[in-house]
Every structure is written in C-alpha cells, then in structure tokens.
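Participant: For reference, the sequence and a predicted model appear below.
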Amino acid sequence: MTAIAVLWFGVAACKTSPVKEYQFIKYVNPFIGTAPLTDTLFIGYTPPEGWRVWAGLTYPGVSLPNAMVQLSPITKFGSGAGYEYEDTTIHAFTHTNLGHWNLCHIPALPVTGERLKTFSRFSHEREQAMPGYYQVFLEDFGVNVELTSTLRCGFHRYKYLEGAQRKVLFNLARSNERVREWEITQEGPNAVSGYQRTGGKVFFYAVFNQDIEEFIAKLQEDPNYSSIAFRSGANSALEMKIGLSFVSVENARENLETEIGEKSFEQVKREAFDLWENHLGKIAATGGSEKQRELFYSSLYRAFLWPALRSDVNGEYTDAKGAVVKGDFNYYATPALWDTYRNKLVLLGILSPEVASDIIKSLIDMGEKRGFIPTYFHGDHAAVFIAGSYLRGISDFDVEKAYKLLLNNATLEGGTRPFIKEYMEMGYIPEHDIPNPHVETKATAGVTKTLEYAYDDYAIALLARRLNDTAVYNEMMRRSRNYRNLFDASTGFMRGRLADGSWVKNFDPQYPYYEYMYREANAWQSTFFAPHDVEGLIELFGGKDNFEAKLDSLFSVPWNRKHIARNISSFIGQYCHGNQPDHNYPYLYYFAGKQEKSQKILDTLMNHFYGVGEHGLALCGMDDAGEMSSWYVFNAMGFYPFSPADDEYIISVPLFERVDIRAPGAALFTIKRNTKGRKIESLSLNGNKLEGYKLSHQRLREGGVLEIN
C-alpha cells in the first residue's frame, strides 16, 4: 500500500463518524448549491455556450453563525462563491465569503516541492463538509487539509506525506475583488502577519505550530506569491491558526489569542459542532423524508451565514467613514437587503434576535456617518427590516434615530433612493423612451423602484403609527398607494410611464429587463408586487375572479425560451423562483379565496426546485445570502412573512408532521399537521378555532400548539 493510500485510508476511516451523535447537524449538506444548473428545460432556456447559470453560488467551507470568518476552498477566482462543484482543482483556501463575486480574502495553500505549483487536483470522493468542519485531499501534493473556525479565526491542519518538503503559499494579490495593496511579514519564529486591501483592509495574524525555516515575502518566480517553508521530515501535522480583523494586525492577534489561544484543532471543531447543533436545534422538524430533512436543515444552516461580523473581541470596528470606533454592540456588514428583507431577516429576528438588533444598530451607525441608512442593490428595504423588527418586538436600539434616518432616506435627494424627487412630485419614477431596449439596457428601472418605494413608505408609515407621528403616518400611507400610478388597465400590467404621463411604447410583458422599467424581472414578475395592499391590487383587476384568472395566467403562460437573462431562471409559467422579486406571489391565491391553489404551487417549488440536478446539489437560482434557503425553511414549517413589514404570517401546510420552534425569549411553539392532505379545512390554536389564515408574531412568541387540519 502506498504512502498516499495509507494516509487516505486514515481519512476515509473517520469520514462517516464526526457528527453521527448529533441530531441536527448530521442533516446539513454544505455542498447543496455548489453544483451547476444544466437542465435547459428546467432553466427555461438554453444558455449561451460558456455560461454557468447563476444558481446556488454557495460555498462548502466552514463558518459559525454570522461570523467574520468564512474559510472555504477556491476552485475558481472570480466565480460567485469561489467554489464550483464541477471543477477539479483547488487554488487556495480563503477566509471570507458571501457568494456574490466578492470577498474571498487572504488565500493560502499548502504545497510541496521546489518548483512553484499553485493548485492541486482533488476529488469529491476525498472531500467532506459539515457545519464547522471541511476536509479535502490535495492529490498533487499528497496533503490532507482540514479546516475549522471560530467567529473571527480560522484553523488549518495539514497532514503532509512523511519526508515531504512542506510549504504554505499566500497569494495576497488575489481575491474576488480587485486587490489594490497587500503586505506580509514574519513575526518571530513561527508567525506571519499582514493585510490585503480591496475596498477596505483585511488584516491577519497567523501562528504555526512549528518554526518557520524560510520566509519569502515575494517569490522570484511570481512576486504575487509569498512562501513559508518548514523543516522537512517531520511527521506531525502542520497547523495554522489565523485571526482576522478589519481594524489592525494587533486586533487580529488579539482575536486569535482570545478565541483559539492554546486550544487544539479537535477542541475548536467540537465547539463549532456544538454551537451549530444548538443553533439548528431551535427548530425540531419531525416526519418528512430524509431528503426533506436534509434540505430543511441545510437551508436553515445557510440562512445564518450572513451578514458577517465586522467588530473585534475588544469591540473595535472600522466605521463607514474609515475611522476606528469602539462600540458596545457587535458591528455587522450591511445585510443583502434587497434579497433578504423578504424572509431571511425575519427568520434571523425570530431565532437570533440579539443579532438582528445589533445589525440594526450597525445600520444606524452607518446612517449617522453618511446621513442615510444604506441600502443593498435596490430599493430602500432597511425600512422594512427595521420597522418589521420593531413591530415584532426587537426594540433594543435607538428607534428615534432609526426613524429620523429612514425619513431622510424617504425625503432627501442624494441618498439611498435615486429619483426620490420625481417620485415625490409625480407619484412615480418616469422611464426613458428607448426604441430598442434589451436585457442589459441601462435606464431608471422606474416601475420596480416605484413599487418598492411604495412598500418602503408603507413600512415607515407603520413605524410612524407606532411612534404616534400621525402626520407622517398619513403622508406615507398616501405614498404607499403610488404603485397604482403604474397600473395600465388596458394591458393588465404594471408598465413604465414617461415624464409626460404616457405609457412606454416598446412594451413586451414577457421580456426580462435588468434596469429598463423593471429590475431583474419582466412585467409578469413585477405586476403583483403590493404586499401591503393586495385588496387594492385586486380592485385594479376588477375583482377577485379577474384577479384569480390573472394569477392562473401568471403560473401557466409558458416562458419564452428566446428570452435569456443570466440570473432569471427556473419557471412555473411566468413565475420565476430563480430570483427574488416574485417569491411571495404563490400566496396571492389566498386573497382570492383559493388556498389550495397556493399550496399546490408551494409544494411544487419545495419538492422540485431545491436539491436538483445530477447529484441533487443544485438550486434553481442564487441563494443570495440565504434568501432562497429561508424561503424553503418558512414554507417547510408552514408559515411565511408575506409582508415582512407587518408582524404577522400566512399559514400554509407544512412538509413535516410536527415542527417545534424554540425561539430565544419565547415559549415553545408547535405546529402539527394532522393529515397528509394539502388543503386546509380548519386551523386551531391551543384548542381554539382560528379564523382566517393569519398568525400574529405575538402568538408565535407566546407559544402553544397550532393544529392544521
């Protein structure tokens, strides 16, 4: 038996054992979302040659809930999360990740040999991942790599072949962002430190368990690489403990000494397992298939990887103006608001209210430095997140400061809301008259902005009412009806209008646009967005019967396979589950009195749009910082935040026979499905009949038993 075979036998022998005693993390498969979406019928079109549809974009590496460190393998820089399942080589292990073509800081790779080789082949047969632990065998170097992490630190363990020349390469000139500057220096006999500057600086301090034999900051063969060599012949594993900081090397070192210190790799790994088990165990799902439990807990896991921590153990962080500040709360990166305000941030507020509170404090801090609370990508959905969180009982933040800043967003030019002047004066954002628009045409995205601003205004109105500001409440409620100004009764769609009030002439309701009239959507995927006023929307269509008929068309009119947009994929009719804009539309049938039609669509999505493809590892679209995962979690449990600004949920039929929710600071809430049917005949809460399909957040927190018959 060869040395490599002996080494691998030792790895394989323990491959099935690390989490068998855990009840919840054993179901998590971090590889879900890393595989490509290739079925052209499922995609909805045939992608151009060389395209990889924007699906999943998750990473299999290690992290703790909302941690600073996401330590994961890189198979391709410049890809969504740096890791693509179909690849066969690993180029580095990086320490930050989101899945949006950015981050992936501080790349490191264990290597052997005199000649510079900067990647290695690997096989999925010699790779495993679970919450808090990742392992892979690098075939070209004969190195077994194991990774685990704490909140702010990564822990690497490399097992080289006996007698091999052992090195670790740093490639600080690379990340998924443009690297403007980098530095690495040796610190004493067994440590290195440095930073990488992309937008801001990411600092690190790394300690090895063996003395450095040779340190080269810039290799002659390629000055983008740094080499750290260790004595050959040692049979013990080479370990690297590395602390990160967005403030300084000194803070990175303090983070490392505080969180890992003298702990062993096995100790840190076990603590990661225990933490994830406790976190995932806040929801106990009983019944369902093995596949459904895998999808549920894998989705719950991914829902809590972002936003990432940005403050150090001493409380310091770098603020929006670049100053180092010491806070009395944990400072977080800006959430992916356009994606995750819909569901994931609500889920975060239920299961990690202290994190949700600190994220709001972070947004307020950013807002005070900039004059406006930041958005993410599109819309002004910090308003929905903050107002909804406050209404659901998260109040450990300065609500008056938040309210003032949200009013700045909603009324002042030069801030979070582009075209706010036109919106306030005209009641809609006018579009340009463009003769031959196409997918990438740059314009105002006036329809989407108007609809989203109207909903954001509604969120501010709710907050104003809670704060007894009647004047603002009345004004924002008036503005919340602005969505009606873009409804074209002659076509039955929300349609772009020019500044003179006329409709955009070049109008194809099936054509997907990025910024012309709509944002990453077509008219079908935008027209029904008025979650705060569905009754008013129904009036525009002329009543419930017409509304239901229009919904029937939404879910049945075939997608035109000639219409190609990279991140718009996976359809039921014109409904697109591969992107966010219409993710609450399946529930619209409730408002027409047809719950069973909604459930049929929900079941189709849960059963056929997650864990798809050759290996069962693909998603129908981007996970987008946990939004698509959170959609699955809520619907599998049997309730959903249809309007996340409001403090109530719509009840549906869960996948599982029983779901127990143990939210911090709340009583146990149990959801029981009494039959296998999918049409709701009756609901009861604590033995009392529940009228309608709504569940208030207060009742969720008070605990009890919701029975679905």
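Facilitator: Everything's here; your move. All values reported here derive from a predicted model rather than from experimental measurement.

Participant: sec struct for residue 60, please.
Facilitator: Secondary structure state of residue 60, per DSSP: H, G, I helix; E, B strand; the rest coil, is coil.

Participant: Around residue 600, how many other residues sit close by?
Facilitator: 17 (other CB atoms under 10 Å). Where C-beta positions appear, they are placed from N, C-alpha and C, glycine not excepted.

Participant: That one reaches residue 678, doesn't it?
Facilitator: Yes - with contact defined as CB atoms under 8 Å, residue 600 and residue 678 form a contacting pair (7.1 Å).

Participant: Tell me who's in contact with the spatially most central residue of the chain.
Facilitator: Residue closest to the average C-alpha location in the chain (CA atoms, centre = their mean): residue 625, at 1.0 Å. Residues in contact with residue 625 (CB atoms under 8 Å, 6 or more residues apart in numbering) are 98, 99, 100, 305, 306, 307, 335, 336, 339, 340, 344.

Participant: Same list, those residues, but as a markdown table with distance to residue 596 please.
Facilitator: Formatted as a markdown table, those follow (distance: CB to CB, whole Å):
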| residue | distance to residue 596 |
| --- | --- |
| 98 | 38 |
| 99 | 35 |
| 100 | 37 |
| 305 | 35 |
| 306 | 35 |
| 307 | 37 |
| 335 | 35 |
| 336 | 33 |
| 339 | 29 |
| 340 | 29 |
| 344 | 27 |
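
Participant: Check those residues against residue 157 and report the nearest one.
Facilitator: Distance to residue 157, by CB to CB, is smallest for residue 305 among the contacts of residue 625, at 22.2 Å.

Participant: Stretch 558-566: how far from the chain's middle?
Facilitator: 25 Å (CA atoms, centre = their mean, to the nearest Å).

Participant: got the CA positions of that stretch in PDB?
Facilitator: What follows is stretch 558-566 as a C-alpha-only set of coordinates in PDB (Å, rounded to 0.1, in the frame of the first residue of the first chain):
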ATOM      1  CA  PRO A 558     -45.100  29.500 -20.900                       C
ATOM      2  CA  TRP A 559     -41.700  31.200 -20.600                       C
ATOM      3  CA  ASN A 560     -40.400  32.300 -24.000                       C
ATOM      4  CA  ARG A 561     -37.200  30.300 -24.300                       C
ATOM      5  CA  LYS A 562     -35.700  33.000 -26.500                       C
ATOM      6  CA  HIS A 563     -35.700  35.400 -23.500                       C
ATOM      7  CA  ILE A 564     -32.400  34.900 -21.700                       C
ATOM      8  CA  ALA A 565     -31.200  36.700 -18.600                       C
ATOM      9  CA  ARG A 566     -28.400  35.100 -16.600                       C
END
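
Participant: Quick check: which ranges of the stretch 51-200 of the chain have low pLDDT?
Facilitator: Counting by pLDDT under 70, the stretch 51-200 of the chain contains no low-confidence segment.

Participant: can you pull out the strands in it?
Facilitator: 62-63, 70-74, 89-90, 92-94, 108-112, 120-121, 127-130, 133-138, 143-149, 153-159, 166-170, 181-186, 191-197 (DSSP state E, counting those that start in this stretch).

Participant: before we move on, what about the stretch 451-600 of the chain?
Facilitator: Using DSSP E, counting those that start in this stretch, strands in the stretch 451-600 of the chain cover 487-488, 493-494, 571-572, 575-576.

Participant: as a whole number, average confidence for the first one?
Facilitator: Pointing back at strand 487-488 there. Looking at strand 487-488 alone, the average pLDDT works out to 98.

Participant: and what of the second one?
Facilitator: Rounded to a whole number, the mean pLDDT of strand 493-494 is 98.

Participant: check contacts around residue 638.
Facilitator: 651, 652, 653, 654, 655, 659, 671, 673, 706, 708.

Participant: Now do the phi/psi pair for the third one.
Facilitator: If I follow you right, that is residue 653. Note on residue 653: backbone dihedrals following degrees, to the nearest 10 are phi -90, psi 120.

Participant: Could you export the strands of the stretch 451-600 of the chain as a markdown table, including mean neighbour count and distance to residue 457?
Facilitator: Formatted as a markdown table, the strands of the stretch 451-600 of the chain follow (neighbours: other CB atoms under 10 Å; distance: least, CB to CB, whole Å):
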| stretch | mean neighbour count | distance to residue 457 |
| --- | --- | --- |
| strand 487-488 | 18 | 17 |
| strand 493-494 | 24 | 16 |
| strand 571-572 | 20 | 30 |
| strand 575-576 | 25 | 26 |
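
Participant: Alright, that wraps it up for me.
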